[in-house]
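Q: following is a predicted model, sequence given first.
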Amino acid sequence: MNTFLKFLRSALLLLVLLSLFTSARAQILLDSLDADLFVTETIDGQRVQKMLGNAYIISLEEDIEIFSDSIYRYINLNEIRAYGNIQINTENEKIWSDSLVYFTDIDFTQLRGRVIIEADSTTLFGSSVDYRFSNKVAHFIDNIRLEDPEGILTANSGFYYREADSAVFRGQVQLRDTTQYIEGDSLFSNRGEKYYEMYGEIFAVDGDNNSTLKGDYLEADASGRRLLRGNAWLKNISEDTTGTAQSDSIRTRPPIMTSFRPDSVSLRPDTLSDVSDSVAVIADDEDSIGQAEALTHRVRAGETLFGIARNYNVTVDSLKKWNNFSGNNLNTGQNLLVKPPESVSIIKHTVRPKETLFSLSREYQVTIEQIKSWNSLTSNNLNVGQELTFYKDSLNGESIYIVERGDNLFQIARDYNMTVEELRELNNLTTNNITAGQELRVKTTDSTNFSIDTVASDTTNVPVYARAEVPEDSLRSPRSAGIDTTHIRASRILSQQYSTPTDTSTIVNAYENVRIWSRKFSAISDTSRYDDREETFELWSNAKTWHEQVQLSGPYIKVFLQDGEIDQLRAFPKPFAVQQDTSLNRLNQIKGDTLNAYFTGGDLREIHVFGGSHLLRFTKNDQGDPDGAIDLTAPSTRIFFEDGELVEMKSLGTINGSYLPQSEQTSKRQLEGFIWTPDLQPQRPQEKMIPRFPPVPEVRPFELPRRYVNYIDGKTDQ
C-alpha cells in the first residue's frame, strides 16, 4: 500500500511538472515588446496585459512581429489579441488586419475586418480569415480576392495552401487576366504544376484566340491540354481586317489563368496596373462585330488593349493593326481607332460664331461626348476659330438622331427607311417609349455632304488616314465582312497543344453528339478532330455535312479549309450526297465508293465520285418545269456547279443509264441508301454565350489599411 501511495505521489508530481512545462512551452517567447502605455488588469477572471498605443511584440523563436494600435496578452490563456491597424511580419509573409486572436498553443489565428495577406508576389484580400503560420494555410470564410501580375481571382470562400502552392475556391469563382476570363462554381488549382479543375456552369473567354467556351467541367494543365466536359461548347471568331475571313482558329490556348505566379506587380491603393478591365463577352456572332457606336476611344488610366477591344467587340490584333502598334503599351489620354481605318473619314471643322457643342452634334449627327473625347475637351466651351476633329463612320451607314418633342418610333423609322423593330433592336429598346433629347442610332443610306479634308500629318496620338472622298457603294459594305464564327458542341471537347522550335499547333477533339456550325458549312458526327495547322476537320461515325443545298453523309468525312473558307471535302467509304434543287423541289442524288468535293471562294465548284458512281439527276424543260430524271451508273462521275446550280455532268468508263419520264413515281425516286435529314442540320445557336456573374470589380473590397498603404508607398519609393 505504501509503495502504491509513493508511486501515486510520484505520478502526480510528474503530471504537475509536465503541465508546467507544457504551459511554459505554449506561451510565446517574446524577445521584445513595447507600447506607449502598459496596463495589467483582470478581464473575465483572466490576467491581461494591455499594450496601448503603437504596440508591438517580437518573437525570434516564432519568427513573428506583430504591430498594432493595441495588443492584449492573456497571460494564462496562451492567447494574444490585437485591435486596430495590425501588421504581422514573418519570414515568408506579411499580414494586415483590423483585429486578430492568436492562439499560441495551437498556432491558430483568427483575422477579422480588412484582411490582407501578401506572400511572394501574391496578395489576398478577405474579411474573415483563419490562418496557421506553421503550415501556411489560409481559410477565407467570407469572400476572397487574389491578385498577382497574372490577374485576379475572386470567390465567395476558399482555402489557400501556400507551401503546396494550391488553392480551393467555392462560390462564384471568377478569374481574369489581361486577355482571358473564366468563371464557375468551384475551382481546384495547383499553381506550381499549373493544373486546375473548374466545376459548375463554366464560362470562359480566350481573348488571345477570340474563342469562348461553356461547359459543366473544365480541366487544364501546363502541357497545353484542356478538357471541357458536360454540354461542352466552343465558339471561335476569326477576323481579317482586310475583308477576307481568316480562320486563325479553333486555336484555343489551354492555360486560361493556369498560373497566377508573378514576377512583379504594382499594388498602389488607387489603381491596379497591369490588370485589364473586367472582361465581358467576345461578340456572340459575326453580325455583332463592329457594331459599337464609337469610332475612337480615349484611353483612361488603367485601361488595357484587351479591355478596350472587348468593349467595342473587336480583337486586340485589330486594334494594334488599325493603330500601328507593335506592343501592348497605352498612354492615358491617347486616342485609339476602334474601327477599321478605311471605314473612318476625318473631318476638320472650324468653329463659327454662336456654334455650340450641341449644335455641332446635331449637324454632324454625333454625340457631345464623342466631340469632347475626339478633341480632348474638358468643358463645353468653344472658341471662335477653334479647329475640331470629327470621325465619321463611312462604312457603318449609321448616324445619331436626337429625338425632338412630338417624335415617335414609327415616324423616325419611316424617315430613315427602317422598321420599328430594326430601330428598337439597334438601340436596345424594350418599349416604344422615347423622350425628347434622347439619342438614337439610325441607319443612313446616303453619304452626308461633309467637307472631308485630306490630312497629311497630325500631332495627336490618333493615326491619320487621308480620305478625300467616300465611294457611295462603300456605305453598303456589310458590317460583318471578314468575320467568321465556328461553334463546336459535344459532350466532351479535348484540346491539346503541340509545340516545335518553330511552331505551335492545336488539335481539338470532340466526342459524342458532335455538332459543328460555321458560316460556310455545318456538320454532325459521333467524333470530330480539328487540326489548326492543317486547317482540317475530320468526322467519324454517322458523319454528315451541309453546305448550302448539299448534304453529304458517310462513315468518314474530311473537311479542308483555306483561310477560313471551305476548300475541299473528302468522304469514304460509300458516301451519299444529296443536292436540293429548290426550283424543281427535287433531290438530286449521287453515291459511290469515294467522293471529293471542290470549292472556290467557299462556293461549291465540283463533285467527283469514283469507284462505282450512281447518279440520279432530275431534269427540267425550257420552261423550267420538271421533265423526268436520269438514272446513271459509271466508274467515275463529275458534276460541276455555278452559283449553287448544277450546270454540267461528265461520266467516264462504261456508262449505264436510262431516262425516266416525268411522273409522280419518278419525282419520288430514291437511290438505295438514300439519306436526307435537313432537320438534323445544326443552326447558328440562338442561345447567347454570356457570363452569369457581374464583372470582377476593379477596386479592392475595402479601403486599404493605413499600415498597408505606408508599406506600398515604401516599396514604390524603393
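A: Noted; the coordinates are in hand. Worth saying up front: this structure is predicted, and the values here are computed from it rather than measured. Residues are numbered from 1 along each chain as shown.
Q: the domain parsing of this protein - what is it?
A: Residue ranges for the domains of the chain, per automatic domain parsing: 340-397+444-476, 521-669.
Q: out of the ones you listed, deepest packed?
A: Across the domains of the chain, averaging neighbours per residue (mean count of other C-beta atoms under 10 Å) puts domain 521-669 on top, at a mean of 18. (Glycine included, C-beta is placed from N, CA and C.)
Q: quick check: end-to-end length of it?
A: Using C-alpha to C-alpha, to the nearest Å, the end-to-end distance of domain 521-669 comes to 27 Å.
Q: pick out the shakiest of the domains of the chain, pLDDT-wise.
A: Ranked by mean pLDDT, those bottom out at domain 340-397+444-476, which scores a mean of 60.
Q: show me where the stretch 301-450 of the chain has strands.
A: All strands of the stretch 301-450 of the chain, identified by DSSP state E, counting those that start in this stretch, fall at 335-337, 344-350, 387-393, 398-402, 439-443.
Q: beta partners for A634?
A: Residues in a beta bridge with A634, per DSSP bridges, are S613.
Q: for it, which residues are in contact?
A: Taking C-beta atoms under 8 Å, 6 or more residues apart in numbering as the contact definition, A634 lies against S613, L615, S651, L652, G653, T654, I655, N656, G657.
Q: how far away is Y217 from Y196?
A: Separation of Y217 from Y196 (C-beta to C-beta, to the nearest Å): 11 Å.
Q: rewinding a little: relative to F38, which of the domains of the chain is closest?
A: Each of those has some distance to F38 by C-beta to C-beta; the shortest is domain 340-397+444-476, at 55.8 Å.
Q: coming back round to it: closest one to P685 among the domains of the chain?
A: domain 521-669 (11.3 Å).
Q: which of Y217 and Y196 has more neighbours?
A: Each of Y217 and Y196 has its neighbours counted (other C-beta atoms under 10 Å); Y196 has more, 23 against 18.
Q: follow-up on the earlier one: which of the contacts of A634 sit farthest apart?
A: Greatest spatial distance among these (C-beta to C-beta): L615 and T654, at 14.2 Å.
Q: in the protein, which spans are helices?
A: Using DSSP state H, the helices of the chain run over residues 2-26, 305-311, 316-322, 357-364, 368-374, 409-415, 420-426, 664-667, 706-717.
Q: Throw the contacts of A634 into a markdown table and include distance to T296, thanks.
A: Output for the contacts of A634, formatted as a markdown table (distance: C-beta to C-beta, whole Å):
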| residue | distance to T296 |
| --- | --- |
| S613 | 58 |
| L615 | 58 |
| S651 | 60 |
| L652 | 60 |
| G653 | 64 |
| T654 | 68 |
| I655 | 65 |
| N656 | 68 |
| G657 | 65 |
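Q: out of those residues, which is nearest to Q549?
A: Closest approach between these and Q549, by C-beta to C-beta: L615, at 16.5 Å.
Q: do I have it right that P661 meets G628?
A: Yes - with contact defined as C-beta atoms under 8 Å, P661 reaches G628; the gap is 4.9 Å.
Q: and A222, how far from S121?
A: For A222, the distance to S121 - C-beta to C-beta - is 19 Å.
Q: actually G192, not the one I wrote
A: Where S121 is concerned, G192 sits at a distance of 14 Å (C-beta to C-beta).
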